[in-house]
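[1] based on what follows, work out the 3D shape:
(one chain, ligands or ions: 1)
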Amino acid sequence: MDDLDPELLELARSARTVTVLSGAGMSAESGVPTFRDAGTGLWARWSPEELATPEAWDADPELVWSWYLWRARQVRRLRPNAGHRAIARWAERARVHVVTQNVDDLHERAGSTVLAHLHGSLFAFRCSVCDAPFPDRLVTGLSARTGRERSPGPEEPARERPPACRACGGPVRPAVVWFGELLPEGAMDRAASAVAAADLVLVVGTSGLVQPAASLPLLAAGRGTPVVEVNPEDTALTPHADRTVRAGSAEALPRLLAPPDDRPAVRPTGADR
Ligand code: APR
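    Here you go, the predicted model:
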């Protein structure tokens, strides 16, 4: 990973107010599947139309509920990776606003405060009829009967019935943003304000294909704010990045964001080696 040159390291080191926009690739090295990676992404195994739309929920709430509950239990078994921890430690030296498209809680479990979960959370639930919130402790992992941690389950989700709303009896759904739905109230406003205030925007592990989240790095670029992309592959956002680090986030971020005194000496390039 020779694209962590002194200029890029200095850019990260000297930034005082940064916004991190993360996507599924941020959690990939924790074992959380991405959505679009060929062969391994969730959408390679399941159809988003059948699981992540209001129509899918209306057609088969049990199937959709079971899939999200299975994903939540899988995430509970996994842990934040070195990339999550590097971002959390960065906040000790700079003002770091984390904006994520991810519905997992790995940023929080690494110690970050998340300014906005643009696409909701696997660990928040609400009534699909009256919108009343539903306590997550009644859902994730714990069986209503035994209170013991249920095993996260086999490779395929078992069908489970969504709980009933305690206010109106309607079926409870995951508070995740499905295709065609609006983002949580205020989430994009908070994210856009954070981008406007940033002197560096770090884009980690997103294909940049889903709006409006993908517009945030363009907002930064339009303001002349440096945009750094960390992703093993080119993405739709690459043309708008000032710098790219072609590596996985768990490898790149600890080195990019290492406190100055922790950094291995970077050999000068060129004739003066
Ligand atoms: N480190 C960094 N990036 C990685 C890694 C890694 N170890 N592994 C894969 N990636 C990159 C891939 O190259 C890809 O560009 O992560 C990106 C994942 O892209 P997607 O699977 O499209 O995920 P994301 O961009 O977060 O999707 C956005 O789409 O389906 C919806 O709501 C869902 O929030 C999701 C949104």
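[2] name the nearest residue to the residue of the chain found nearest the ligand, sequence neighbours excluded.
    Here the chain gets closest to the ligand at one residue, Gly25, 2.3 Å apart by Cβ to the nearest ligand atom. C-betas here are computed from N, CA, C, even on glycine. Nearest non-adjacent residue to Gly25, counting by Cβ to Cβ, 6 or more residues apart in numbering: Gly205, 2.3 Å away.
[3] pull the contacting residues for the one you found.
    Contact analysis of Gly205 by Cβ atoms under 8 Å, 6 or more residues apart in numbering lists 22-28, 34, 230-231, 249.
[4] now the nearest residue to Ala132 once chain neighbours are set aside: how far from Arg173?
    The shortest distance from Ala132 to any residue that is not its chain neighbour, by Cβ to Cβ, 6+ apart, is 4.4 Å, and that residue is Ala167. Separation of Ala167 from Arg173 (Cβ to Cβ, to the nearest Å): 14 Å.
[5] out of these two, which sits in the more crowded spot?
    For Ala167 against Arg173, the residue with the higher neighbour count under other Cβ atoms under 10 Å is Arg173, and the figures read 22 against 13.
[6] that's a strand at the more buried one, yeah?
    Yes - the assignment for Arg173, made by DSSP: H, G, I helix; E, B strand; the rest coil, places it in a strand.
[7] wait, Glu50 touches Trp67, no?
    No - counting by Cβ atoms under 8 Å, Glu50 sits too far from Trp67 to count as a contact (9.1 Å).
[8] looking at these two, which has the bigger crowd around it?
    A count of neighbours by other Cβ under 10 Å puts Trp67 above the other of Glu50 and Trp67, at 22 against 14.
[9] quick check: the more buried one touching Pro157?
    Yes - checked against Cβ under 8 Å, the pair Trp67 and Pro157 is within contact range at 5.1 Å.
[10] about what we covered before: got the contact list for the residue nearest to Ala132?
    Ala167 sits next to 127, 130, 132 when contact means Cβ under 8 Å, 6+ apart.
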